[in-house]
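Undergrad: Build me a structure from this.
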Amino acid sequence: MNQGEAALVRVGQGWDLHRLIAGGPLRIGGIDIAHDRASQGHSDGDVVLHVLTDAILGALGAGDIGQHFPDDDPRWRGADSAVFLREALYLCRERGFAVGCVDVTVMLERPKIGPHRKAMVAHLAELLEVPSDRVSVKAKTSEGLGAIGAGEAVAAMAVVGLVLSR
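TA: Numbering: from 1, shown residues only. Have a look, this model is predicted:
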């Protein structure tokens, strides 16, 4: 590879936290989960789609979700976060990359993610246009500690590997 060529693999990471408020359902990874609390956000508050968007943008060196979709822009109030992820994927393809794999960890005390993991993986794979074996979704609690442990917040982190596609 010449010095001027893009790296064959790029890695990006994302992290986000949202307050949980009364009401529901709770949207995580594009899936609505029956729950008495919802994630507060300017858009639909989907913490998983936000971290995946940030991870892709980071791998591309293209800033972050707030730069592309500012929370003071009324166009994004209540928006489906899949719009953000699709835009990041567009930039990814435009720059000659494709998603190689993603690894997501959701930090949430309740509800449990396990019963929804398979649907989440399938939905994320469809959004990302990759086989489901390239998508990992894990869940952790915070053992009753902090805002997450008290059921006041949900957080997520993601790592994305992009591969050169041209």
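Undergrad: can you list the residues that contact the worst-scoring helix or strand of the chain on mean pLDDT?
TA: Least confident helix or strand of the chain, by mean pLDDT, DSSP states H and E, is helix 65-68 with a mean of 88. Applying CB atoms under 8 Å, 6 or more residues apart in numbering, the contact partners of helix 65-68 are 50, 53, 54, 57, 62, 84, 87, 88. (Each C-beta comes from the backbone N, C-alpha and C, glycine too.)
Undergrad: so which two of those residues are the farthest from each other?
TA: 50 and 62 (15.1 Å; CB to CB).
Undergrad: Among those two, which residue is more densely surrounded?
TA: Set side by side, residue 50 and residue 62 show more neighbours around residue 50, with 28 against 15, by other CB atoms under 10 Å.
Undergrad: I figured the more buried one was touching residue 83, is that so?
TA: No: with contacts counted by CB atoms under 8 Å, residue 50 stays clear of residue 83, the gap being 11.6 Å.
Undergrad: shaky segments in this structure?
TA: Applying pLDDT under 70 to the chain picks out residues 1-7.
Undergrad: Kindly write the ChimeraX command that selects the buried subset of the contacts of helix 65-68.
TA: Of the contacts of helix 65-68, the buried ones go into a single ChimeraX selection, burial set by 16 or more other CB atoms under 10 Å:
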select :50,53,54,57,84,87,88
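Undergrad: would you turn the contacts of helix 65-68 into CSV with secondary structure and distance to residue 128?
TA: Below are the contacts of helix 65-68 laid out as CSV (DSSP: H, G, I helix; E, B strand; the rest coil; distance: CB to CB, whole Å):
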residue, secondary structure, distance to residue 128
50, helix, 14
53, helix, 11
54, helix, 14
57, helix, 14
62, coil, 17
84, helix, 13
87, helix, 13
88, helix, 10
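Undergrad: Return the closest of the contacts of helix 65-68 with respect to residue 156.
TA: When the contacts of helix 65-68 are compared against residue 156 (criterion: CB to CB), the nearest one is residue 50, at 7.5 Å.
Undergrad: show me what contacts the closest one?
TA: Taking CB under 8 Å, 6+ apart, one finds 14, 16, 41, 43, 65, 81, 84, 156 in contact with residue 50.
Undergrad: In strands only, show me those.
TA: The members of these that map onto strands under DSSP state E are 14, 16, 156.
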